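Visitor: prediction below, plus the sequence it came from.
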Amino acid sequence: MDQVENLTLLPEVRCSALRSLFQSGSPVLSLAPMQDITDLPFWHLMSKYGGADLYFTEFFRVTPHYVPEKNILRSIIENPTGRPAVAQIIGNDLDAMARTAKALEKHPVAAIDLNLGCPAPVVYRKCAGGGLLRDLPRVDALLAALRDAVEGAFTVKMRIGFESPGEFDALLEVFAKHRLDLLTVHGRTVAEKYGPHVHLDRIAQAVRSLPFPVQANGNVVSATSAVETLAQTGAAGLMIGRGAIRNPWIFSQIRDRLAGREVSLPTGRQVLDYVSDLYEAVCSPGVPEKAQVQKMKKYMNFLGEGLDDSVAFLYDIRRCATRYEFFSICSRHLDHGRAMPLQP
Ligand SMILES: Cc1cc2nc3c(=O)[nH]c(=O)nc-3n(C[C@H](O)[C@H](O)[C@H](O)COP(=O)(O)O)c2cc1C
């Protein structure tokens, strides 16, 4: 192990990596954790298109005898982005969560992040992810246990409540008791899933009332919506999920807008090249063509929403089975030189 790698393993160095990012004076742009999407090849691709300042892993789903999955660990160990990586964990068993956090800290992570937002019924019914937001004493205990266990930076990503945004007031009181290094607030309740409205006022409330940096998350889909979200919340950073799958240029576009430079939009042909890059990046050799095409449909569900003829594109894509059909459909819709805002 070389000296630089050795250094990145020291908790105080990792803590300062995150802290200095948030003290840089510019809003920090993070790539959101997205299960089965934000793996190592995807991180690599995002970094080639301008890239985020900070990368979150998909969640490590912690159970009592849990051993971290090798494929998620790979993104941290081989992190190809040149930027700090944050390891996200989800679960509710205090000992297992603390033990896993300590184990993950043996790798070059900038922080350990606790997921308090996952809205999937299979997760929240087990009182993990967003399900924990209904149990404030458990949240309190988990924050205390993890703060105690994590030597470096400890961060949390949460939704604003389970059923109602009004639950956020009490949640903030619990959060204020703990020394976090960053809180990412996805401005929806669990019940709201991915509904159209993001409660920016609730994110602003967190920014005003907490003594540590707060990142805003939810529906940042363009440089314009990024600037609006920052203005309305006062957040120290933005976390971007689906908008980055659809538009990998979004991080550069936001940086350009914030620096007062003109924002350039990709042409249809550049988007087509991105789809080809994505196909090459995320599809492993040896995997049958049909399975590769199937995998691409997951990404296309998001990208397709940004096309003018979204309905027709998604109709065709969902029915194709071969690589040839897949790229014929993409070419039909994208082989042009018009600028594409790539917004749903
Ligand atoms: C396919 C998918 C997988 C996700 N997986 C995770 C996850 O592993 N951990 C997490 O905290 N959030 C997860 N999320 C939520 C996102 O991180 C983010 O909070 C949400 O998409 C809202 O941000 P956006 O509007 O920029 O997409 C996932 C979202 C999607 C669409």
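Guide: That came through, no problem.

Visitor: residues of the helix or strand where Tyr324 lies that come out buried?
Guide: Assigned by DSSP states H and E, Tyr324 belongs to helix 323-334. Buried residues in helix 323-334, defined by neighbour count with 16 or more other Cβ atoms under 10 Å: 326-327, 329-330, 333-334. (Glycine included, C-beta is placed from N, CA and C.)

Visitor: got it, and stretch 90-109?
Guide: Applying a neighbour-count criterion of 16+ other Cβ under 10 Å, the buried positions in stretch 90-109 are 90-94, 96-98, 100-101, 104-105, 108-109.

Visitor: export those to TSV and tack on pLDDT and distance to the ligand?
Guide: What follows is the buried residues of stretch 90-109, written out as TSV (pLDDT from 0 to 100; distance: Cβ to the nearest ligand atom, whole Å):
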residue	pLDDT	distance to the ligand
Ile90	97	7
Gly91	96	12
Asn92	95	15
Asp93	96	18
Leu94	97	20
Ala96	97	18
Met97	97	15
Ala98	98	19
Thr100	97	15
Ala101	97	16
Leu104	96	15
Glu105	95	19
Pro108	94	20
Val109	96	15
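
Visitor: picking that back up, what packs against the helix holding Tyr324?
Guide: Contact partners of helix 323-334 among helices and strands, from 3 or more Cβ pairs under 8 Å, 6 or more residues apart in numbering; DSSP states H and E: helix 268-282, helix 289-304, helix 310-319.

Visitor: that one to helix 289-304, inter-axis angle?
Guide: With axes from the mean of the first three to the mean of the last three Cα atoms, to 10 degrees applied, the angle from helix 323-334 to helix 289-304 works out at 20 degrees.

Visitor: how about residues contacting helix 323-334?
Guide: Applying Cβ atoms under 8 Å, 6 or more residues apart in numbering, the contact partners of helix 323-334 are 268-269, 271-272, 275-276, 279, 289, 292-293, 296, 307, 309, 312-313, 316-317, 320.

Visitor: for the record, mean pLDDT for that helix?
Guide: Within the predicted structure, the mean pLDDT of helix 323-334 is 98.

Visitor: what about it, distance to the chain center?
Guide: 28 Å (Cα atoms, centre = their mean, to the nearest Å).

Visitor: who touches the nearest residue to Arg74 once chain neighbours are set aside in this structure?
Guide: Leaving aside its sequence neighbours, Arg74 sits nearest to Leu40 (Cβ to Cβ, 6 or more residues apart in numbering; 5.3 Å). Leu40 makes contacts with 71, 74-75, 78-80, as judged by Cβ under 8 Å, 6+ apart.

Visitor: any chance of the residues you listed in TSV, with pLDDT, distance to Ser284 and neighbour count too?
Guide: Output for those, formatted as TSV (pLDDT from 0 to 100; distance: Cβ to Cβ, whole Å; neighbours: other Cβ atoms under 10 Å):
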residue	pLDDT	distance to Ser284	neighbour count
Asn71	93	11	10
Arg74	96	13	14
Ser75	96	15	23
Glu78	97	15	10
Asn79	96	19	22
Pro80	95	16	15
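
Visitor: now those residues as JSON lines including secondary structure?
Guide: Below are the contacts of Leu40 laid out as JSON lines (DSSP: H, G, I helix; E, B strand; the rest coil):
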{"residue": "Asn71", "secondary structure": "helix"}
{"residue": "Arg74", "secondary structure": "helix"}
{"residue": "Ser75", "secondary structure": "helix"}
{"residue": "Glu78", "secondary structure": "coil"}
{"residue": "Asn79", "secondary structure": "coil"}
{"residue": "Pro80", "secondary structure": "coil"}
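
Visitor: Phe56 bridge partners, please.
Guide: The residues listed as beta-bridge partners of Phe56 by DSSP bridges are Val86.

Visitor: and it, how many neighbours?
Guide: The number of residues packed around Phe56, counting by other Cβ atoms under 10 Å, is 27.

Visitor: in this structure Gly268 contacts Met340, no?
Guide: Yes - taking Cβ atoms under 8 Å as the contact criterion, Gly268 and Met340 are neighbours in contact, 5.9 Å apart.
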